[in-house]
Every structure is written in structure tokens, then in C-alpha cells.
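Participant: Generate coordinates for the sequence data below:
(2 chains)
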Amino acid sequence: MSETTHIHEHVTSVPHEAHHEVHHEHHHETFLTKYVFSQDHKTIAKQFLITGMFWAVLGGFFSVVFRLQLGFPDAKFPWLEDLLGEWARGGQLQPEAYYALVTMHGTVLVFFVLTAGLSGTFSNLLIPLQCGARDMASPFLNMLSYWFFFIASIVMLSSLFVQTGPFSGGWTAYPPLSALGQASPGSKVGMDLWLVSMALFVVSALLGGLNYIATVLNMRTKGMSMTRLPLTIWAFFFTAVLGVLSFPVLFSGFILLIFDRHFGTSFYLSDIYINGQALPNEGGSAILYQHLFWFLGHPEVYIILLPAMGMVSEILSVNSRKPIFGYMAMIGSLFAITILAFLVWAHHMFVTGLNPFLGAFFVLLTLLIAVPSAIKVFNWLTTIWRGNIRFTPAMMFAIGFVSLFISGGLTGIFLGNSALDIHLHDTYFVIAHFHIVMGVASMFGMFAGIYHWYPKMYGRYLNNTLGYVHFWITMVGAYLIFWPMHYTGLAGMPRRYYDYSIWESFKRFTDINQFISIVAIIVFLTQILFIFNFFYSIWKGRKVTTQNPWGANTLEWTTPINPGHGNWVGEIPEVHRWAYDYGKDGNEFISQTTPVGENESKDH
Amino acid sequence: MANAAAAANTKWWSGGKSPFNLEYGKLMMWYFLMSDTFTFGALLITYGTVRMSSDSWPDPNHVFQSFPLLGSGLPLLFVSLMTFILIVSSVTMVLAVHEGHHGNKKGVIKWMIWTILGGLAFLSCQAWEWTHLHHEGAWWGSNPFPNADGTVSKSNFSDLFFTITGFHGFHVFSGVVINIIVTIMAWKGVFERRGHYLMIEKIGLYWHFVDLVWVFVFLFFYLV
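Facilitator: Residues are numbered from 1 along each chain as shown, chains lettered A, B, ... in the order given. The predicted structure is shown next:
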């Protein structure tokens, strides 16, 4: 592991570059070591990104198919049968397939896209570059992290092709649906593959997270104190802490679930009749699974959101040409969110029969999250306030993120109340809330990150015009899709139904469901435009000609335009100031590597 | 050790060095152990939840009362031996780390071998205990032992026992495998060439952690 660390017993401080010396020695890289089994954090970041994009397209396509069912429950689409076969007999999506698609959409988007694709990509790309390190603490474990994710992807993908279909009991995989093979076709081998895939995913997340934490703490360049770190790094750091402490609990929950499925135990099962037959299981509790699941499940929300918050903070500041407002408050609020993330999981369980007295505490802790969230929102707004804003596509998406975070966050205050939750739980109001605040907002953070750091990844720019088209359609589309869901949800329309048109109470939503479906399809096609832009620009995009195209202060822009493995040619630069000296003393920006001048004003 | 640094008035957190004066691998091991604490924590909390929601529970003095060759009627004697073996293997691990500090290759190998033997002895004991309980009819999904209050018990007791001690045993097994690999590396002089035995320290942390987890497993399954 530490093949090249040269640490002797009496050495007082550990030289943090020591183990990277080896990388300067082997430049004879083959295709396999450079692009496939690469240990370069930048390549691993791209691997995470492109695998994540593959899943995003697939997961998005799932939603298009089930939105067709929801919008046009009576229509027949012969092409669906061509594509999905038995799943869409006679051109109509079958109920089992509908539930399988809904489940896969959730699993894929939450874990594979917005965890691996987001944090995996940008933690890998930016932590060494912005901390001033040659690579991750352990490049080898970092590579393993990607390949565990890759195998998890293969296993999950294979579950789509088994005869009984992929798991179909919802992305949360509540028992008994997930524990009993007899419960539904998707609960058979599809669920086993789901569990294996997720277990591998946990290993990947753990290997990645340990590396991110060790790198941020141990590998910062000279002068880069913790309070000089860009907020991106703080966000990735807390994200990693959340993952390292919450994924193992999910893992334990899965182990017990596997035993319940195959070894006759009763951890989650008790007093169950299936097809009129009584099962022998006694003494377990399905609620126990929900506790274990949501102990990860809630921090997971912030694992998804924090990286987006960090990148948005950075992008808003750079493109407003102003220092971030309230830097320490931003760190403090990230920290507060990290702590609170562990203390609110039961707000997903208000109507499970949870003791209302206990519920009251979870309401209080949940609503407390509004405080750090509001701090962040006001700091973002005051950062761009009277700024000299450059509306690059990245900046547009960053502003879009703030807008979505506000809209989605406000409905969180409704849902955080256990009394209101009696009415609102399991309705489209919930769907609208979490899609806006966690799903779309984090996607916007991810898009912002891609547009902003694409020049660093590929030495070229993404096409701006396509970027603006992408932004506006996605932005308007996101609101048109999810805004109406608030109304249907408040009116009592439950989630997860296959066909609303057969219910007298929900017939009146036929038009609104159709409208949502049409917009969803348009937005999906727009993402294909982005994918085209992404791959086209890798080879044909406008070339980056200056080292620091955005005029940013952070260290990644002091590397060559196409940095090699090791990032900096020669010495790693020393850092002399925080990352946000924009518009100071008449300078548009001052790089972190610039020493503090004699007559420089003190305040930053 | 930290004198030189203190004299130079080093700012530990200002970058360019590890703020904990730790090499990254050790730092990662600490964080991994924290993460693993949550894994075991979740399992033990599950145990507590299931047990607290049951009306009654089998009496460990009644379940665990056999000793190989000595027969039954010896409550908790065998598990005490197991616990003793594991704690002794932690002591030998401490000695291996200590020898590593002095760069004494022979000493490291000697104490590592004792540690491996301790781990193997523990695993053998566990294998015997599992076999014995299995012969008595206990397994995942079946529990022959009545509750302490005489009522018929559910399968939860053995479900939890085999899952959690099995998960711990798997940790011990992994530890033994890694110990063997590391010992071979030490024997081949890998650490001598590196000039330090940090790897022994890292695996030592893991070994002590697994030992500590056993203390909790012991407490919850056998004592209370």
C-alpha cells in the first residue's frame, strides 16, 4: 500500500508528497494503464462521469417510459413492445414492468448518477487539484473504487435482463416486498442482483470516501490551511464523512435482508400470510429495516446535495467576480447540515406507527435544517448581489440550482411537520419536493460543474449555444414537470399508482398528467442534446488557449492546460491566501499562489 | 518525537504536512474502523431492538454451557477461553508492533506468528461452538432453546447469534489472512527495505478493533 513512503521511526512530520515520487518515474504508460486501469485521479473522475452519464440516460429513459403510461394510460405504443417485449405486451406497459421501471429509476438516479456520478466525478477531479496534491492519498484504492462501481453497474444492468425482471418494490426496498420472493416477480432473482449490486456499490463508496477524507486532511500543499480551502473541497469532505459513516449501516441492513431472503431468519418478518398461507416467520420487524435504511437514506440526500452546494458556491463567486459571502458561515452551515443529516431519518417514517412523542423530536431536528439551508441561500444571493456577473452556462446552472433549492426547500418545511405529513405522505407532493430539491437541483449542480470544469478535463470548451438551450429548456421544464405535482399531491393523488384514470377521485388529473409527461419527454430529449455536446466537444470543441480561462483563484488553474499525471510540472505551488480574493484592491482576481503584498488591505 | 516540530513552532493545519503527523494509510485505517464501528453498531442495535421487543429471551447460561471433552454444565467457561485467547492475541500484536518500532525483523515475525496462531485458535473455538449448537438444533431460522421464563422462543435468538458472531468471525478470518500476508512480507524483508514497519501498526489497529468488537459481542450475547 505504501510502497514508496519513506517514513522513518523518528521523522517528525510526514512528507505528504513522498509516495507520489514514483509517478515521475514511469512515463511508459500503455493504453490499458492510461485509460482503463488508470490511477490518475483525473482519468478516474472521467470514468465516473461517463459511467454516471450512461446511467443518467438509462434512468431518464425509464422515467420517459413510465411517464408515457401515466400520461396516456389507454394508448398503445407498438414501438414499446418492440423495445421491451413482454414488458409492454400489445404496446402497453405491464404493471410489473411499470413498478420495475419506477424502482430502477430511483435506484439508478440516487446511487449511480447523483452519488457516484456526482461526488465520484468531482471529488476525484477537484480534491487533488484544488488542495494542491499530485494525486489522491491512495491512487490504487481510488482505482478500485471506480471498478467496484463498474461491477456494481454491470450487476444492476444484468438484473434488467433476467426473466422475472429487476426489483420492483421501490428504491427503498422495504420488506416484506423485498424479503419474500413470492411477493412479486421482481422480488425474485432481480432483488438478489439488486442487493449484490448495492453491496458492491457500498464498497466503492467507502473506498472513495476514505480516500477523499485522507487526501483533504493529509495532502494539502504548503500554506493551504483548512480555512483557505475552496468551499468545493469542504463540501466534498463532509460528503465523504457522511458516506463513510452512513453506508455501513445500510450494508448491515442488507446483510440481514439477505439472511431473511435465503436463510430462513426473521429479522424483518413476522406474522405474514401470502396467498392465504401463513409463513413461519415470527418476531421480526419491518420497521427495523426502515430505521436502518433511512439512517443511510437521509444522509444520502446530503451526499447528493452537498457536492452541488460546494460547486455552486465556487462557480457563483468566480462568475460574480466577488468573494463568496460569509465563507466561515458557509463552512459552519455545511457542518451543521452534516450533523443534522444523521439525526432526522425518522421523518421518513412519521406514518409507520412511530411514537408521536418521538416524532416530535424528529420534527424539531428536521425543521432545524432550515437554518443552515437559509444561511447558504442568503450567502449565495448576497454573493451575486451587485456582482459583475458573467452569465456562462455554468453560472446559469448555478443560479438555477439556487432557485430550485429555494422552491424545493420550502416544501420541505411542509413535509417536515408530522401532522401535515398525515395528509401529504406518499402523495405527489412528496415526489415534487424531493425531485426539485434533491434530484433536479443536484443535477443542476452537476451540470454547472461539468460546464465550468470541462476546460480542465478536456482542454476544450463545451458549446455555449447548446449550453444555453440546454439550460433554459431544462430549467423551465423542471418547473413545468414538478410544479403541477404539488397541486395534485395536495389534492391527494398518491404516488406509485399504475393508472389514475380508473379512479373516480383522480380522473380529473388526466390532462395535468398528460401535460407533465409531454414536458418530461421534451426535457429528456434536451439532455440528449447535452450528451451530444459533451462528446462532440471532447474532440471538436473550441480549444482552451489560456491556463486560467475563467480568471479563477483556485489551484487547478495553475496547472498546465492538459495536466499530466502529477498535475504540476515541477514543484507544487505554495498557497498564500484564501480562494476568494476577487475584486480586491482593484485587482479583478488574485490567485491563491500570489503572496500577500505589503500594502494589501487586510480584509478579504 | 514532536519536540522538533514544536520548537519550529509548526502550524500543523497549514498544509504541506499531515496535521496528525500520520501517514495517510494509518489515517484511512482509522476512518475505516470508524465506518466499521457503524456496521457493527447497526447489527448490535438490531440485536437490542429485537431483544427488547421480545417478551422473553433464552438464558445464555443455559445455552452456552458445554466444553469440548468436559461435557455440559459449565456455563460460559468455553466462551471465556475464547475471549482470553483473543485478548492474548491482541497482546502479542502489541509486541509485534513494538518490535517493529525497533526494526527487529525476527521479533516482528515471532510475535506475528503467535498472533496468527491466536486468531486461528479463536476461529477453531468458534467453529466448535457453532457445530455444537448446530447439533443441538440451532441454526439460522431455528432455535431449540426455550426462553428464560419457560415459554417457547422464536428463532430470533439464533438468527442474531449466528449472523453477528459470523460477521465478527469473518472479520477475524480476514484479519488472519492479512496477518499471514504481512508476516510473509516481513519475512521477505519488504518492510526492512522500506525502513519502517508501519504496515504492522496498521494491521495492528484492525486487529485490536476486531478484538474490541468481540468484547461487545461477548457482553450482549453471553453476559446480559
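Participant: Going by C-alpha atoms from here, please, whenever you check contacts or count neighbours.
Facilitator: OK.
Participant: give the contact list for the residue nearest to B:Ser18 when sequence neighbours are not counted.
Facilitator: Nearest-residue entry for B:Ser18: A:Asn218, 4.4 Å, with adjacent residues in sequence omitted and distances by CA to CA, 6 or more residues apart in numbering or on different chains. Contacts for A:Asn218 (CA atoms under 8 Å, 6 or more residues apart in numbering or on different chains) come out as A:16, A:137, B:15, B:17-19, B:23-24.
Participant: If we use 10 Å, what do you get?
Facilitator: A:14-17, A:131, A:133, A:136-137, A:212, B:13, B:15-24, B:27 (CA atoms under 10 Å, 6 or more residues apart in numbering or on different chains).
Participant: Now the buried members of the residues you listed.
Facilitator: Buried by 16 or more other CA atoms under 10 Å in any protein chain shown: A:14-17, A:131, A:133, A:136-137, A:212, B:13, B:15-19, B:21-24, B:27, out of those.
Participant: which parts of stretch A:361-374 are buried?
Facilitator: For stretch A:361-374, the neighbour count (16+ other CA under 10 Å) marks A:362-363, A:365-370, A:372-373 as buried.
Participant: again with stretch A:298-314
Facilitator: A:298-314.
Participant: Look up how far B:Met82 lies from B:Lys105.
Facilitator: For B:Lys105, the distance to B:Met82 equals 29 Å [CA to CA, to the nearest Å].
Participant: ugh, wrong one, A:Lys222
Facilitator: 49 Å.
Participant: which of those two has more neighbours?
Facilitator: When neighbours are counted by other CA atoms under 10 Å in any protein chain shown, A:Lys222 and B:Met82 differ, and B:Met82 comes out ahead with 22 against 19.
Participant: Settle this for me: that one is touching B:Gly169, isn't it.
Facilitator: No - using CA atoms under 10 Å, B:Met82 makes no contact with B:Gly169, being 11.9 Å away.
Participant: which residues are in contact with both of those two?
Facilitator: Common contacts of B:Met82 and B:Gly169, defined by CA under 10 Å, 6+ apart, comprise B:119, B:122-123, B:126, B:214.
Participant: Looking at the buried residues of stretch A:361-374, which is nearest A:Ser38?
Facilitator: Nearest to A:Ser38 among those: A:Ser373, at 37.7 Å, using CA to CA.
Participant: Now the nearest residue in space to A:Glu96 that is not next to it in sequence: phi and psi?
Facilitator: Closest residue in space to A:Glu96, ignoring its immediate chain neighbours: A:Ser168 at 7.1 Å, by CA to CA, 6+ apart. For A:Ser168, the backbone dihedrals (degrees, to the nearest 10) come out as phi -130, psi 20.
Participant: what about A:Gly566, which helix or strand?
Facilitator: Using DSSP states H and E, A:Gly566 falls within no helix or strand.
Participant: Neighbours of the closest residue in space to it that isn't next to it in sequence, how many?
Facilitator: Spatial nearest neighbour of A:Gly566, excluding adjacent residues (CA to CA, 6+ apart): A:Arg134 at 4.3 Å. Look at A:Arg134: counted by other CA under 10 Å, it has 26 neighbours.
Participant: Give the residue spans of the chain that score low on pLDDT.
Facilitator: Chain wasn't specified; assuming chain A. A:1-28, A:603-604 (pLDDT under 70).
Participant: Can you look at chain B instead?
Facilitator: Residue ranges of chain B with pLDDT under 70: B:1-10.
Participant: any idea how far A:Val575 lies from chain B?
Facilitator: In this structure, A:Val575 and chain B are 9 Å apart, going by CA to the nearest CA, to the nearest Å.
Participant: Likewise for A:Glu571?
Facilitator: 12 Å.
Participant: now do A:Leu367
Facilitator: A:Leu367 sits 26 Å away from chain B, going by CA to the nearest CA.
Participant: try A:Gln277
Facilitator: Separation of A:Gln277 from chain B (CA to the nearest CA): 18 Å.
Participant: A:Val216 contacts A:Trp234, correct?
Facilitator: Yes - using CA under 10 Å, A:Val216 is in contact with A:Trp234, at 8.6 Å.
Participant: So between these two, which is more surrounded?
Facilitator: Neighbour count, other CA under 10 Å: between A:Val216 and A:Trp234, A:Val216 has more, with 25 against 22.
Participant: quick one: the more buried one and chain B, what's the gap?
Facilitator: According to CA to the nearest CA, A:Val216 and chain B sit 10 Å apart.
Participant: give me every residue that touches that residue.
Facilitator: A:Val216 sits in contact with A:127-128, A:130-133, A:136-137, A:226, A:229, A:233-234, A:236-237, B:15, B:18, where contact means CA under 10 Å, 6+ apart.
Participant: Which helix or strand contains it?
Facilitator: Short version, using DSSP H and E: A:Val216 is in helix A:189-218.
Participant: what helix or strand is B:Trp30 on?
Facilitator: Assessed by DSSP H and E, B:Trp30 sits inside helix B:24-52.
Participant: Next secondary structure element downstream of that helix?
Facilitator: Counting by DSSP H and E, the next helix or strand C-terminal to helix B:24-52 is helix B:60-63.
Participant: what about that following helix, distance to the chain center?
Facilitator: Relative to its chain's centre, helix B:60-63 lies at 23 Å (CA atoms, centre = their mean, to the nearest Å).
Participant: for stretch A:490-497, same thing?
Facilitator: Its chain's C-alpha centre and that of stretch A:490-497 lie 26 Å apart, by CA atoms, centre = their mean.
Participant: Repeat that for stretch A:181-194.
Facilitator: Remark: stretch A:181-194 is offset 26 Å from the chain centroid, using CA atoms, centre = their mean.
Participant: Quick check: buried residues in it?
Facilitator: For stretch A:181-194, the neighbour count (16+ other CA under 10 Å) marks A:181, A:183, A:185-194 as buried.
Participant: out of the residues you listed, who's nearest chain B?
Facilitator: Among these, A:Gly181 lies closest to chain B (CA to the nearest CA), at 16.8 Å.
Participant: and the residue nearest to A:Glu96, how many neighbours does it have?
Facilitator: A:Ser168: 26 surrounding residues under other CA under 10 Å.
Participant: Spit out the contact partners of the residue most central in space within chain A.
Facilitator: With distances taken as CA atoms, centre = their mean, the residue of chain A nearest its centroid is A:Leu114 (2.4 Å). Contacts for A:Leu114 were tallied using CA under 10 Å, 6+ apart; they are A:52-53, A:55-56, A:108, A:120-121, A:300-301, A:303-305, A:307-308, A:438-440, A:442-443, A:446.
Participant: Next: A:Ser123.
Facilitator: A:41-42, A:45, A:116, A:129, A:136, A:208-209, A:211-212, A:232-233, A:235-237, A:239-240, A:307.
Participant: circling back: could you tell me which of the contacts of A:Leu114 belong to helices?
Facilitator: Judged by DSSP state H, the contacts of A:Leu114 include A:52-53, A:55-56, A:121, A:300-301, A:303-305, A:307-308, A:442-443, A:446 as members of helices.
Participant: Kindly identify which of those residues also come near chain B.
Facilitator: By CA under 10 Å from any CA of the partner chain, no member of the ones in helices among the contacts of A:Leu114 lies near chain B.
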